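Peer 1: Provided below for reference: sequence and predicted model.
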Amino acid sequence: MNRRSFLLKTALSFAAGIASGSTKGLSLGQPGDGLAWQKAPCRFCGTGCGVMVGVKDGRVVAVQGDLENPVNKGLLCAKGYHAGAAMYGRDRLRYPLIRKGGKLVRASWDEAVDAIARHILKNDDTFAIYGSGQWTIPEGYTAMKFLKGGCGSNHLDPNARLCMASAVVGMLTTYGVDEPSGCYDDFDVCDTVVLWGNNMAEMHPVLWSRIVDRRAKGERVEIFDLGVRRTRTTESADHYLEFNPHSDLAIANGLCYLLVKWEAYDKGWVERHCSFRQGEDGAGKPMTFAEYVSFLEDYTPEKVEAISGVPAAKLELLARRFADKSRKILSFWCMGLNQHTRGTWVNNLVYNVHFLSGQFGAPGKTAFSLTGQPSACGTCREVGTLAHALPGGRVVMKDSHRADIERAWKLPKGRISSKPGHHAVSMFQALQKGDLSGAWVQVTNPAHTMPNLNEVAGNLEKRFLVVSDIYPTATTKLASVVLPSAMWVEKNGVFGNSERRTQQWYKMVEPPGEARDDVWQMLAVARRLYDLGYKGMTNVDGEFLFTFRDENGESIEAWKWEEYRKRNVDRILYEEYRPLTHMKRKNVAPYDELAATRGLRWPVAQDERGQWRETKRRFVEGEDPFVKEGSQIDFYWGPDGGGKARIWARPYKPAPEEPDDEYPFWLSTGRVLEHWHSGTMTRRVPQLHSAMPKAYVELNPKDAATLNISTGDRVRLVSRRGELTLPAWVNGRSLPKAGLVFVPFFDEDLLINKVTLHEYDALSKEPDYKKCAVRVEKA
Amino acid sequence: MPISGYVVKAGANRIAEIRRRIRDMDGVELGPAVDGQFALAAYSEDENGAERFGESLSSLPGVDQALLVYHNFEDVEYTG
Ligand code: SF4
């Protein structure tokens, strides 16, 4: 048998095993194929699929879905499948570059590290770090310690601010602690799925398959799709509720109105587990149930129909499902609710619906916020790489929290500032104005992804901008220093996915050229600062802040690349971080336990035999080790005490910019199946690039006819902030509602963020990429 | 010579028709159908061919999802 026939047979037997469900006997990796196989989580989305990575001659040459990983059970989507190929674009950054005479020229690591350290030395309080939900946990933790512990500044925020901050603040204001209660196992047992502005079929295809597969097996799973455009998800939905942008607030309140009016809400559940709250801020003030009922009077089906365009009968149909106690209902959302100037509120309101109906805290009954990035949860939310946060759910504003971390990091008292730093949008506005002197951007591309780019991300080329990345991007073009980074399995890593699962992987291949791990880059700059006499990088014992010791107590010179690469510095950093997760009962599993498994869902606890047990559902008695006996559900961080979560009276208020005579269309932006965010990785994979080479504008066919626009015509979109000309697509992938146009944001050559709005949610500071007003002209 | 393995999902009543269409494609081997899904392996001349194949698979009438489970690209050089 030749090699091709052998591999074809391998591929077929593996796929057949998965398709038939008889995976017993199927190996992890394929014996006899001459490849060394190891596990890693996919580095693309927050689903956290397990990938088996095949290496030959120092190069990744194959990937397959990891059968042992309960997240995906062997399946991958197109992006995960190409995770290997995304490492091998011809233009990978291989050497440090420094801008000299206006041009980026090759430099040594020593020169680059020195330039960064010397800038920080003089500007430590005006230097920021802008990171990412693609940071590994050790990377985010190092950045946090470097800036908050070393430089005493809190100007650290991730791009995750742009995608899930509203979900975070939604949970904090609802049950007092971040991250979902439920897990993916709920997908396998729910009987009703409600998608709140969520195109799951294209954006989370593997999770979607867990639901649609059940239908293929004859199970009845009813799907409600609430959206502003018909998508591939809608094709599988039983009911499509098309709504006017921003009116989701009214829809959620309308469902609560009906549950209360019909007396169909779960009185016992609500009395035991909920308190009522009103107000526009995060704290609010108490209200009675009677006051809540009177608040809901504004959301009769007729009034909701007038605001949202959803027919009263359809709203009633969905409310009836929530009123049916025999059902198990699962709500999903992602950017549709989060990228919203009332993102926190609308997150609160979805919990209201689930709490009132008692659809929470049991198998198949939950409200589940999906994440877009592989470690938005693990790194940004758990480590807490946010401008106001400290590791493990702590915040800089609390004296005791700062004191905890100062003790853990052996910092002098008062080193950590109590003042929150700039959040993402504010950080780039401060750079634009010159209030910040510089920033170190890691694993993200803000010159592409910031909203309202012309205003928010201007002047970056005039600041001291350091960019660590794997490919040239819109941001590296503006940089003073570019550092080539190791990617995915070119380094060790730990990610945390959407269902609280922490997953670990080992380095499998060397990075190209002189590319190096981001952790090492930060350690090298920290050490250079220390050598230059910068006090911030010294702990109370007079040692370097990042002093690591081996098993014999010998200090490890991890800032030296040759030393770093011999060690697993990730393990040291992760184990330093792990105890910090205990305060908020987010106990993550030990590193070695993660290495031996396909990850564990926190909080973990050891049983009497010393085995580590994960938690499927938080706050649920019998599942979560921290729940009080006899309480059934215990929101132990509930902000009002008594183990209760909040039901919030949050009103519908119009969006800050709505269509008018001059700008008569809504513009909504988003992702496409083939491309990862700004496309810097996926656009280098020719097969993904050829499938979706260029951004486009999708129009409703009626609008297209009125404007005399056909597929392929060039169309100019003009907003109050900027304009963009791009090809039209009519009757394409999705069908926007009349009066709305959709543009994907992956294309660096067609930057739709020159047109978008930078208004953000007052509580979460997450901008609204989903709604602004534009004029549509045939170019 | 990229080699790919897929699991194709479709409504049980469409499977036979979908399989008939795919069977005629070059370089494709089919596994048996179970519960509205079946396995398939394919080789392509290059990565672009692999992509076009994947795309056409996903867009065949009646196909709900074509999920990839295996991909070997050991003789493909640098891309992009
Ligand atoms: S669904 Fe997400 S995690 Fe899974 S393979 Fe696709 S991109 Fe990767």
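Peer 2: Sure thing, it's come through.
Peer 1: got the CA positions of the host helix or strand of A:V346 in PDB?
Peer 2: Secondary structure from DSSP states H and E places A:V346 in helix A:343-356. Only the C-alpha atoms of helix A:343-356 are listed here, as PDB (Å, rounded to 0.1, in the frame of the first residue of the first chain):
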ATOM      1  CA  GLY A 343     -24.900  44.700  27.100                       C
ATOM      2  CA  THR A 344     -24.800  44.300  30.800                       C
ATOM      3  CA  TRP A 345     -28.500  45.000  31.100                       C
ATOM      4  CA  VAL A 346     -29.500  42.500  28.400                       C
ATOM      5  CA  ASN A 347     -27.400  39.800  30.000                       C
ATOM      6  CA  ASN A 348     -29.200  40.500  33.300                       C
ATOM      7  CA  LEU A 349     -32.500  40.200  31.500                       C
ATOM      8  CA  VAL A 350     -31.800  36.800  30.000                       C
ATOM      9  CA  TYR A 351     -31.000  35.500  33.500                       C
ATOM     10  CA  ASN A 352     -34.300  37.100  34.700                       C
ATOM     11  CA  VAL A 353     -36.200  35.000  32.200                       C
ATOM     12  CA  HIS A 354     -34.500  31.800  33.300                       C
ATOM     13  CA  PHE A 355     -34.800  32.600  37.000                       C
ATOM     14  CA  LEU A 356     -38.500  33.500  36.800                       C
END
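Peer 1: what's the average pLDDT for the following helix or strand past that helix?
Peer 2: Using DSSP H and E, the helix or strand that follows helix A:343-356 in sequence is strand A:366-369. Strand A:366-369 carries an average pLDDT of 97.
Peer 1: Regarding chain B, what is its longest helix?
Peer 2: Counting residues, the longest helix found in chain B (DSSP state H) is helix B:47-58.
Peer 1: got the buried residues for it?
Peer 2: For helix B:47-58, the neighbour count (16 or more other Cβ atoms under 10 Å in any protein chain shown) marks B:E47, B:N48, B:G49, B:A50, B:E51, B:F53, B:G54, B:E55, B:L57, B:S58 as buried. For the C-beta atoms, the positions are set from N, CA and C on the backbone; glycine is no exception.
Peer 1: Show me what the helix or strand just after it is packed up against.
Peer 2: As assigned by DSSP H and E, the chain's next helix or strand after helix B:47-58 is strand B:63-72. Here strand B:63-72 touches helix A:3-20, strand A:59-65, helix A:78-81, helix A:205-216, strand B:3-10, helix B:47-58, going by 3 or more Cβ pairs under 8 Å, 6 or more residues apart in numbering or on different chains; DSSP states H and E.
Peer 1: three-state assignment of A:E698?
Peer 2: strand (DSSP: H, G, I helix; E, B strand; the rest coil).
Peer 1: tell me the contacts of it?
Peer 2: A:R229, A:A728, A:W729, A:V730, A:G732, A:R733, A:S734, A:L735, A:P736, A:V741, A:F742, A:V743 (Cβ atoms under 8 Å, 6 or more residues apart in numbering or on different chains).
Peer 1: re earlier: is it possible to get JSON lines of the helices and strands packed on strand B:63-72 that adds distance to the ligand and mean pLDDT?
Peer 2: Output for the helices and strands packed on strand B:63-72, formatted as JSON lines (distance: least, Cβ to the nearest ligand atom, whole Å; pLDDT from 0 to 100):
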{"stretch": "helix A:3-20", "distance to the ligand": "14", "mean pLDDT": "85"}
{"stretch": "strand A:59-65", "distance to the ligand": "8", "mean pLDDT": "93"}
{"stretch": "helix A:78-81", "distance to the ligand": "2", "mean pLDDT": "73"}
{"stretch": "helix A:205-216", "distance to the ligand": "4", "mean pLDDT": "90"}
{"stretch": "strand B:3-10", "distance to the ligand": "13", "mean pLDDT": "89"}
{"stretch": "helix B:47-58", "distance to the ligand": "13", "mean pLDDT": "75"}
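Peer 1: Indicate which one of those is closest to A:L390.
Peer 2: Comparison of the helices and strands packed on strand B:63-72 against A:L390 by Cβ to Cβ identifies helix A:205-216 as nearest, at 31.2 Å.
Peer 1: How far off centre is that closest one?
Peer 2: Relative to its parent chain, helix A:205-216 has a centroid offset of 22 Å by Cα atoms, centre = their mean, to the nearest Å.
Peer 1: Is the helix or strand just after that helix positioned near chain B?
Peer 2: Going down the chain from helix A:205-216, the next helix or strand is strand A:222-227, by DSSP H and E. No - no part of strand A:222-227 sits close enough to chain B to count as contact by Cβ under 8 Å from any Cβ of the partner chain; the gap is at least 12.5 Å.
Peer 1: quick one: buried residues of strand A:222-227?
Peer 2: Residues of strand A:222-227 classed as buried by neighbour count (16+ other Cβ under 10 Å): A:E222, A:I223, A:F224, A:D225, A:L226, A:G227.
Peer 1: What's the mean pLDDT across whichever helix or strand comes after it?
Peer 2: Moving toward the C-terminus from strand A:222-227, the next helix or strand (DSSP H and E) is strand A:229-230. Per-region confidence: strand A:229-230 scores 95 on mean pLDDT.
Peer 1: Okay, and A:V441 sits in which element?
Peer 2: strand A:438-442.
Peer 1: okay, the very next helix or strand once past that strand in CSV with CA atoms only?
Peer 2: Beyond strand A:438-442 in the direction of the C-terminus, DSSP H and E gives the next helix or strand as helix A:446-449. Provided in CSV are the C-alpha atoms of helix A:446-449 (Å, rounded to 0.1, in the frame of the first residue of the first chain):
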residue,chain,number,x,y,z
PRO,A,446,-6.1,46.7,17.6
ALA,A,447,-5.3,48.8,14.5
HIS,A,448,-7.8,46.6,12.8
THR,A,449,-10.3,45.7,15.5
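Peer 1: other SSEs contacting helix A:446-449?
Peer 2: Against helix A:446-449 (3+ Cβ pairs under 8 Å, 6+ apart) you get no helix or strand.
Peer 1: Tell me the gap between that helix and the middle of its chain.
Peer 2: 16 Å.
Peer 1: what sits up against it?
Peer 2: For helix A:446-449, contacts defined as Cβ under 8 Å, 6+ apart pick out A:130, A:159, A:162, A:424, A:428, A:453, A:457, A:460, A:473-475, A:477-478, A:677-678, A:745, A:748, A:751, A:753.
Peer 1: Just to confirm, what's the three-state secondary structure of A:L255?
Peer 2: Per three-state DSSP, A:L255 ends up helix.
Peer 1: related to what we said a few turns ago, looking at the helices and strands packed on strand B:63-72, which is closest to A:D517?
Peer 2: Counting by Cβ to Cβ, A:D517 lies closest to strand A:59-65 out of those; the figure is 16.7 Å.
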